[in-house]
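**Student:** here is a sequence with its predicted model. Questions after.
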Amino acid sequence: MYQSKLFTKTIREAPRDEQSINAILLERAGFIHKEMAGVYSFLPLGLRVLRKIEAIIREEMNKIAGQEISMTVLQPKRLWEETGRWSGQLGREVMYKTGHGKGEVGLGPTHEEMLTSIIKGYVQSAEDLPLYVYQIQTKFRKEPRARSGILRGREFGMKDLYSFDKSLENFKKYYQKVKKSYLTIFKECGLEAIITEASGAGFTKEYTHEFQVLADSGEDEIIYCPSHDFSQNKEIAKVKAGDQCPVCGRKLKKGKSIEVGNIFPLGTKYSEALKAFFKNKDGQEKPIIMGCYGIGTSRLLGTVVEIHHDKNGIIWPLSVAPFQVHLLALDLTKERVATKVAQVAEEIYQNLKKEGIEVLYDDRQNKSAGEKFVDADLIGVPWRLVVSERTLSQDSLEIKERSREDKEIVNIKQAVKHLKEKIKT
RNA sequence: CGGGAGGUAGCGCAGUUUGGCAGCGCACUGCGUUCGGGACGCAGAGGCCGCGGGUUCAAAUCCCGCCCUCCCGACCA
């Protein structure tokens, strides 16, 4: 991508109406645009990151037999009345509603009702189970107070997976599988998530877990073991900071954290309400055992920024970076644009692309070196490549990692190969 | 929903106390000089002063009502 063609540009100062690190950096660097409190558009750079995160999640979901679908955001009132949630707290206080009378619909804050209603037409016997279905979609929830940039929005991206099992035993096995899978996802995104025991959503006290990332900007508080083998949300914690970890005996700590995912059993609440039954071997009708597993994709993006940044800007982990390489051509002016720097940079740009490397090429004219460096730091692409009259005088170019201070000078002929090896490892 | 702060050019702000030409910096346009860590000079363009009403010869400024944003709290399937 030519940076001169990118429709966003960086902003020098922090927006007046943002306080959170994620919103300030993402808006300054041109990744997102705020529309309202808790409602943000994703611009080219931001969307690239979001798509990377989604791809990581999708790959892991498919590994654990998840089948991707896309349900409608508009949901019929009828379905929500069958479970009692239309006039319950969720329906009254959380769901956006529109339309009148019989045409009244809700904007999906979650999809238990709809998916259960869909699958029951396809599940009749135990042979049809298990079923694991997920989607990655925009969710809508009336937040009484949207805050912290994209960490708590009224419209946000979410991956929601639902499991349908024929027995509690099978459900529990799958639950453990998802737990492992989630840790892999967060790690891949550059985050260390702590599995935290949390309050059950009214279904059961057992098997309810949140995935928490320690961060000062988090709105949750957890008591956790430094070895991460034990953690409880402060809301329900029976231990306190300084206590011994019940698993390994280490001293427990207290910290603020961001909830990036949660998993919990649904039991048969929805299958019974919506009559999603299957016939077992004895010919008895049994309700399907369900589970629900969520990851806020846009919140995850914001969390990555909260964790990976410095005073100059974002430092994207390679796995979710909008581009892998930021190629800077210095000394480009209108008068000198046809010079060797421009020719060489263009050649490198094409070669990198040929190797399948994602490159943002700063080909902007009449931008000072300082300005290009500052922008590159703010945008936070992990690898930076500099071509200038100075480097060309040595037949070389400069490679630098965003997260490090030191630079490497590499011969121009070997540069592409060299960089490719670095990105691979 | 309670408490606090705020809304003036695309962005960041001053001006409001004490009513009197709508200002500054960044970004943008043109010319020239610069050219490895947010350069400089000259010229220029850009405004529903959040919205509505009121007071006044005159309102960004005073009064009344409303909307929006941020922070703290309540809330958070």
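**Tutor:** Nice, I can see it. Numbers count the residues shown, from 1 in each chain, chains lettered A, B, ... in the order given.

**Student:** please count neighbours and contacts with C-alpha atoms only from this point.
**Tutor:** Will do.

**Student:** list the helices and strands the helix or strand of chain A with the lowest mean pLDDT packs on?
**Tutor:** When the helices and strands of chain A are scored by mean pLDDT, DSSP states H and E, helix A:89 comes last with a mean of 90. Helices and strands touching helix A:89, as assessed by 3 or more C-alpha pairs under 8 Å, 6 or more residues apart in numbering; DSSP states H and E, are absent.

**Student:** now residue A:9. Nearest residue, chain neighbours left out?
**Tutor:** residue A:30 (5.9 Å; C-alpha to C-alpha, 6 or more residues apart in numbering).

**Student:** neighbours of the one you found, how many?
**Tutor:** Residues near residue A:30, counting by other C-alpha atoms under 10 Å, number 22.

**Student:** doesn't residue A:12 make contact with it?
**Tutor:** No - when contacts are counted by C-alpha atoms under 8 Å, residue A:30 is not listed as touching residue A:12 (10.9 Å).

**Student:** give me the element the residue nearest to residue A:9 is part of.
**Tutor:** If you go by DSSP states H and E, residue A:30 is not part of any helix or strand.

**Student:** burial count for residue A:326?
**Tutor:** Neighbours of residue A:326 (other C-alpha under 10 Å): 27.

**Student:** helix or strand for it, which one?
**Tutor:** Going by DSSP H and E, residue A:326 is in strand A:325-329.

**Student:** repeat that for residue A:262.
**Tutor:** Taking DSSP H and E as the definition, residue A:262 sits inside strand A:253-267.

**Student:** swap in residue A:211?
**Tutor:** strand A:209-214.

**Student:** check residue A:175 too.
**Tutor:** Take DSSP H and E as the rule and residue A:175 turns out to sit in helix A:168-188.

**Student:** tally up the residues packed near the residue of the stretch 251-400 of chain A found nearest RNA strand B, please.
**Tutor:** Residue nearest to RNA strand B within the stretch 251-400 of chain A: residue A:370 (2.8 Å; C-alpha to the nearest atom of the strand). Counted with other C-alpha under 10 Å, residues neighbouring residue A:370 total 10.

**Student:** residue contacts, residue A:218?
**Tutor:** Contacts for residue A:218 (C-alpha atoms under 8 Å, 6 or more residues apart in numbering) come out as A:256, A:257, A:258, A:259.

**Student:** quick check: phi and psi at it.
**Tutor:** When quoted as degrees, to the nearest 10, the phi and psi of residue A:218 stand at phi -70, psi 150.

**Student:** for residue A:305, which non-adjacent residue is spatially closest?
**Tutor:** Residue A:305 sits nearest to residue A:22 (C-alpha to C-alpha, 6+ apart), 5.4 Å away.

**Student:** look at that neighbour and tell me its secondary structure.
**Tutor:** helix (DSSP: H, G, I helix; E, B strand; the rest coil).

**Student:** surely residue A:210 and residue A:198 touch.
**Tutor:** Yes - in this structure residue A:210 lies within contact range of residue A:198 using C-alpha under 8 Å: 6.3 Å.

**Student:** by contact count, what packs against the helix or strand harbouring residue A:270?
**Tutor:** In this structure, residue A:270 is located in helix A:269-273 according to DSSP H and E. On a contact count with 3+ C-alpha pairs under 8 Å, 6+ apart, helix A:269-273 meets helix A:112-119, strand A:289-296.

**Student:** packing partners for the helix or strand that the last one is followed by?
**Tutor:** Read it as strand A:289-296. Sequence-wise, the next helix or strand downstream of strand A:289-296 (DSSP H and E) is helix A:297-307. The contact analysis (3+ C-alpha pairs under 8 Å, 6+ apart) places helix A:297-307 against helix A:21-28, helix A:44-63, strand A:155-165, strand A:253-267.

**Student:** what is the second one packed up against?
**Tutor:** With contacts defined as 3+ C-alpha pairs under 8 Å, 6+ apart, helix A:44-63 has these neighbours: helix A:168-188, helix A:297-307.

**Student:** so which of these is the most surrounded?
**Tutor:** Sort these by mean neighbour count, taking mean count of other C-alpha atoms under 10 Å, and helix A:297-307 sits at the top with a mean of 24.

**Student:** that one near RNA strand B at all?
**Tutor:** No - using C-alpha under 7 Å from any atom of the strand, helix A:297-307 never reaches RNA strand B; the gap is at least 11.0 Å.

**Student:** how far away from the center of its chain is that helix?
**Tutor:** Distance of helix A:297-307 from its chain centroid, counting by C-alpha atoms, centre = their mean, to the nearest Å, is 6 Å.

**Student:** tilt between it and strand A:289-296?
**Tutor:** Computed by axes from the mean of the first three to the mean of the last three C-alpha atoms, to 10 degrees, the angle separating helix A:297-307 from strand A:289-296 equals 50 degrees.

**Student:** so what touches helix A:297-307?
**Tutor:** Contacts of helix A:297-307 from elsewhere in the structure, counted by C-alpha under 8 Å, 6+ apart, are A:21-23, A:25, A:49-50, A:53-54, A:149-152, A:156-159, A:189-191, A:215, A:217, A:258, A:260, A:314-316.

**Student:** what of stretch A:185-204?
**Tutor:** Contact with stretch A:185-204 is made by A:53, A:56-57, A:60, A:183, A:205-214, A:222, A:224, A:228-233, A:235-236, A:260, A:264-267, A:269, A:304, A:307, A:317, A:319-320, as judged by C-alpha under 8 Å, 6+ apart.

**Student:** any residue of the helix holding residue A:270 touching RNA strand B?
**Tutor:** No - using C-alpha under 7 Å from any atom of the strand, helix A:269-273 never reaches RNA strand B; the gap is at least 11.5 Å.

**Student:** interface residues of the stretch 301-425 of chain A facing RNA strand B?
**Tutor:** Counting by C-alpha under 7 Å from any atom of the strand, the residues of the stretch 301-425 of chain A close to RNA strand B are A:312, A:330-333, A:366-371, A:373-375, A:377-378, A:386-391, A:397-398.

**Student:** where does chain A dip in pLDDT?
**Tutor:** Within chain A, the stretches with pLDDT under 70 are A:200-206, A:334-338.
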